[in-house]
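Peer 1: turn this into a structure:
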Amino acid sequence: MVFGDHGEAFGQHEGNFGHTFQLYDENIRVPFLVSAPGLLRTQIRSQRVVSLVDTTATTLDLVGLRPPSVSQGRSMLDDEPRVALFFADYSLGMLGLRDGPMKFIYELESRRAKLFDVADDPDERRNVAGLHVARARDYERMLRSWSAAQKQALRAARRP
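Peer 2: Here you go, the predicted model:
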């Protein structure tokens, strides 16, 4: 398996350089390649939305094992649609998700939201959150809930 841990921005969006401070595709999209001779019968090329958190479940699926119940990811080999959740440095309070062609970016502190239809707008230039208010609100709730659960899990893991 070969994959990247982050993208790299070169000014595609104003002030966006590097990989830590924004959640545009140039910051978060990464390659993910698997070579598994004898385990995969045919080549699979997929444009499906997946997350690096799915890596463990995918590896176990390739060798015929089920992931542990505590695993957050799912095998990339299943055909079920999924929502990928991600964040910039937690100190920035910037969260995002990808749901099919929809990409949502949310800033916790300012409560600013951006929604892009990357199928129609792959450069993420047209914020359509105002056209999809209910969807943006649902995505915000999903991200706030996920963020709270992640923080709670981290606190629990630190307890002796």
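Peer 1: what helix or strand is residue 74 on?
Peer 2: If you go by DSSP states H and E, residue 74 is not part of any helix or strand.
Peer 1: right, and it touches residue 60 too?
Peer 2: No: checked against C-beta atoms under 8 Å, the pair residue 74 and residue 60 is beyond contact range at 10.7 Å. (Glycine included, C-beta is placed from N, CA and C.)
Peer 1: need the overlap of contacts for these two.
Peer 2: residue 67 (C-beta atoms under 8 Å, 6 or more residues apart in numbering).
Peer 1: low-confidence ranges in this protein?
Peer 2: For the chain, applying pLDDT under 70 flags the ranges 6-13, 15-20, 24, 27-28, 89-92.
Peer 1: for it, which segments count as helices?
Peer 2: In the chain, the segments counted as helices under DSSP state H are 25-28, 55-62, 133-158.
Peer 1: in CSV: these, plus distance to residue 94.
Peer 2: As requested, these are arranged in CSV below (distance: least, C-beta to C-beta, whole Å):
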stretch, distance to residue 94
helix 25-28, 10
helix 55-62, 23
helix 133-158, 10
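Peer 1: of these, which is nearest residue 102?
Peer 2: For the helices of the chain, the distance to residue 102 is smallest for helix 133-158, at 7.2 Å, taking C-beta to C-beta.
Peer 1: flag every buried residue along the closest one.
Peer 2: 136, 139-140, 142-143, 146-147 (16 or more other C-beta atoms under 10 Å).
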